[in-house]
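Engineer: Provided below for reference: sequence and predicted model.
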Amino acid sequence: MRVMRKFMGKSIRNRLAVTFIGMMVLFLLVILLINTFFLERVYTVSREKCILQTYNALNDADSYDTLNTRTFGDYLLENNLSLIIVDKDSSKMLYHFAKDAEDMRDRLLFGLPLNLEGDQQILRSSDNYILERRINTPSITDSINMFGTLDNGDEFLISTPIESLKDSARLSNMFYITIGFVMIVFSSAVVLVLAERITKPLHKLSELSQEMANLNFSVKYDSSGQDEVGVLGNNLNKMSEELERTISELKTANNELQKDIEKKTQIDEMRKEFLSNVSHELKTPIALIQGYAEGLQECINDDPESREFYCDVIIDEAGKMNNMVKKLLTLNQLEFGNDQITMERFNITELIRGVVQSSQLLASQKEAELRFVQKDPVYVWGDEFKIEEVVTNYVSNALNHVDYEKKIEVKILQKGKMIRVSVFNTGDPIPQEDLDKIWIKFYKVDKARTREYGGSGIGLSIVKAIMDSMNQKCGVINYDNGVEFWFELQSADPAEISIFPH
C-alpha cells in the first residue's frame with residue numbers, strides 16, 4: 001500500500017493511470033461477482049415469466065386451434081419452450097409443440113405428479129398448477145416445468161431445459177476475465193499516452209512557476225492551446241510580466257530610497273563637518289578682531305600708528321571672514337544645484353589672458369614668473385563666468401604655493417575633442433596621501449602656510465563643484481619639481497591647438 005501511494009503521489013500522470021486502471025479492475029470484479037451470484041437467479045426469473053405468460057395465453061384461448069398461429073409458435077420457439085395439452089379423461093394429446101411430445105405426456109401422466117425424477121425445487125404453486133425446477137435428473141436435461149390443470153379441466157405441461165448454470169457462469173467469467181485483461185492492457189497504454197499529453201503542459205507550468213519563484217521572469221509558457229491549461233499558462237505569463245514590472249519598480253524605488261538615505265546621511269555628515277570647520281575657521285579671526293577691538297577700546301596704545309595697525313588687523317581679518325562666507329555661499333549653491341549653469345561658446349585663450357594679466361602684480365610681489373604664451377583663439381563650450389573662477393582659483397593657488405624657481409606656467413592642450421587647461425607651479429609636490437583629499441572643503445595640506453596667505457581651503461572645492469556641474473573633469477598631477485592642476489572642456493573649434501611643453 002505504501003509503495004502504491006508513493007507511486008501515485010509522484011505525478012498526476014501516474015495517479016490518472018492508476019485510478020483509471022483501478023476503476024476498470026473494479027468494474028470487472030463487480031461483473032464477475034454479479035455473474036457468479038446473480039446470473040442463475042436472473043435466468044430462473046426470466047424463465048418463470050415466460051412460462052406464466054404461456055399459461056395465461058392457454059387459458060385465454062377460445063380453442064386450441066387458435067394456438068396454431070405463427071406468432072404463438074414463434075414465441076415458444078424463441079423462448080425454447082415445449083408444450084403439451086392432454087385430455088384428462090382419455091389421456092389424448094389435444095395440442096403439442098415439442099419434439100418429444102410422447103415422452104412429455106408420459107412424464108405428465110406418471111413422472112412429474114409422482115415426483116419420480118431428480119430433485120424438485122418448487123418455485124411457485126397454486127390450486128391449478130405447480131411451477132418447479134428439476135435438477136440431477138437421470139434421463140432428461142435439467143429443466144423448469146409448469147404442470148397442472150387449465151381452467152377448462154385439461155392437463156398441461158410447459159417445460160424449458162436449463163443447462164448447468166454454474167458451468168455457464170464459469171465459462172462466462174473466464175470470457176470476461178480474458179476480454180477484461182486485454183481491455184485493461186490496451187486501455188492502460190491509451191491512458192498513459194493521454195495522461196502524458198495532459199500532464200506535459202502541467203509539468204511545463206510547474207517549471208515556469210518554479211522559475212518565477214526564483215525571480216526568473218524571462219521564461220514564458222509558449223503553448224497556444226485554448227483549453228483550461230492554455231488559459232492558465234497565459235495567465236501565468238501575464239502574472240510573470242506584472243511581477244517583473246512590479247519588482248523592477250520596487251527595486252527602482254528601493255534604489256532611490258537608498259540613495260536618499262545615503263544622501264541624507266551624507267548631508268548630516270557634511271552639516272556636522274561644515275559646522276566644525278566653519279567654527280574652526282572663524283575662531284581665529286573672531287578672536288583677533290575681538291582682541292584688537294578691546295585693545296582699541298582700552299586705549300592700550302594711544303599713538304596713531306598703533307591705532308592704525310589695530311584697525312588694519314581688524315579690517316584684514318573681517319575681509320578674510322567675508323571672503324570665506326562668500327565662497328561658502330557659492331559652494332553651497334553649486335553643490336545643491338541652485339546655481340544656474342549657462343553653456344555657451346567662448347574663447348578660453350582670451351579668458352586666461354585676462355586672469356593672467358590681473359595676477360601679474362601679485363606674481364611680481366612674490367618674485368614669480370607667470371607665463372602664458374598661447375596666442376591663437378581656442379573656443380570651448382562652458383559657463384564662461386564660472387570657468388573664469390576656476391582659472392582664477394588655480395592661478396591664485398599656484399601663486400600661494402610657488403617656490404624654488406618660482407615659475408608658473410598656464411597651458412592649453414587639445415586631447416581629441418577635449419581642451420585641457422593646466423596650471424603648473426614649481427614647488428613641493430603634494431603628499432600622495434593628500435591627493436584625493438585636497439578637493440574636500442576646509443582640507444589643508446599645510447595649515448600653517450595656508451593661514452599665512454589667508455587661505456580657507458574652499459577654493460579647490462569650488463573648482464570641483466563647478467566642473468561637476470558641467471559634467472567635466474578636473475585633477476592634479478605631481479611632478480618632481482612642482483604640481484600641475486588641470487580641467488577639461490569640450491572643444492567648440494576643430495582647429496588644432498599648439499602644445500607647449502613645461
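Structural biologist: Looks like it came in fine. Numbers count the residues shown, from 1 in each chain.
Engineer: residues touching Asn481, list them.
Structural biologist: 404-405, 426 (CB atoms under 8 Å, 6 or more residues apart in numbering). C-betas here are computed from N, CA, C, even on glycine.
Engineer: and which of those is nearest Gln53?
Structural biologist: Relative to Gln53, the closest of the contacts of Asn481 is Thr426; by CB to CB it sits at 138.9 Å.
Engineer: I figured that closest one hits Glu409, correct?
Structural biologist: No. In this structure, Thr426 is not within contact of Glu409 by CB atoms under 8 Å, at 9.0 Å.
Engineer: now the helices: where do they sit in the protein?
Structural biologist: With DSSP state H as the criterion, the chain has helices at 2-8, 12-60, 70-78, 101-106, 165-213, 228-298, 304-335, 348-365, 384-401, 447-453, 459-469.
Engineer: Of the contacts of Asn481, which belong to strands?
Structural biologist: Taking DSSP state E, the ones among those that sit in strands are Thr426.
Engineer: so which of the helices of the chain gets nearest Ile158?
Structural biologist: Nearest to Ile158, of these and by CB to CB, is helix 12-60 at 5.1 Å.
Engineer: Which strands or helices does that closest one pack on?
Structural biologist: The helices and strands touching helix 12-60, judged by 3 or more CB pairs under 8 Å, 6 or more residues apart in numbering; DSSP states H and E, are helix 2-8, helix 70-78, strand 82-86, strand 119-125, strand 129-135, strand 143-149, strand 155-161, helix 165-213.
Engineer: buried subset of the contacts of Asn481?
Structural biologist: Buried subset of the contacts of Asn481 (neighbour count, 16 or more other CB atoms under 10 Å): Thr426.
Engineer: with the contacts of Asn481 in mind, which one is nearest to Tyr95?
Structural biologist: Distance ranking of the contacts of Asn481 against Tyr95, using CB to CB, places Thr426 first at 153.4 Å.
Engineer: OK, contacts around the closest one?
Structural biologist: Applying CB under 8 Å, 6+ apart, we find Thr426 in contact with 402-408, 481-482.
Engineer: Distance-wise, check it relative to Val410.
Structural biologist: Plainly put, Thr426 is 14 Å away from Val410 if you go by CB to CB, to the nearest Å.
Engineer: Next: Val18.
Structural biologist: Distance of Val18 to Val410, computed by CB to CB: 91 Å.
Engineer: Would you mind telling me which of the two has more residues around it?
Structural biologist: Shown here are Val18 and Val410; by other CB atoms under 10 Å, Val410 has more neighbours (24 against 17).
Engineer: The closest residue to that one other than its chain neighbours: neighbour count?
Structural biologist: Using CB to CB, 6 or more residues apart in numbering and skipping the chain neighbours, the partner closest in space to Val410 is Phe372 (4.3 Å). Residues lying near Phe372 (other CB under 10 Å) number 20.
Engineer: Quick check, Phe372 in contact with Gly354.
Structural biologist: No. Counting by CB under 8 Å, Phe372 stays clear of Gly354, with 10.4 Å between them.
Engineer: where does the stretch 151-300 of the chain dip in pLDDT?
Structural biologist: Low-confidence segments of the stretch 151-300 of the chain, defined by pLDDT under 70: 163-169, 217-218, 223-226, 229, 267, 270-285, 287-288, 292, 300.
Engineer: how about 50 then?
Structural biologist: Along the stretch 151-300 of the chain, the model assigns pLDDT under 50 to no residue.
Engineer: for the chain, same thing?
Structural biologist: If you take pLDDT under 50 as the line, the chain has these spans: 1, 3-4, 6-9, 447-451, 453-454, 496-502.
Engineer: For Ala368, give me its contacts.
Structural biologist: Residues in contact with Ala368 (CB under 8 Å, 6+ apart) are 399, 402, 406-408, 425.
Engineer: For the residue most central in space within the chain, which residues are in contact?
Structural biologist: By CA atoms, centre = their mean, the chain has its centre lying nearest to Met212, at 2.7 Å. Residues in contact with Met212 (CB under 8 Å, 6+ apart) are 219, 236, 239-240, 243.
Engineer: For Asp227, see how far away it is.
Structural biologist: From Met212 over to Asp227 the distance is 21 Å, taken as CB to CB.
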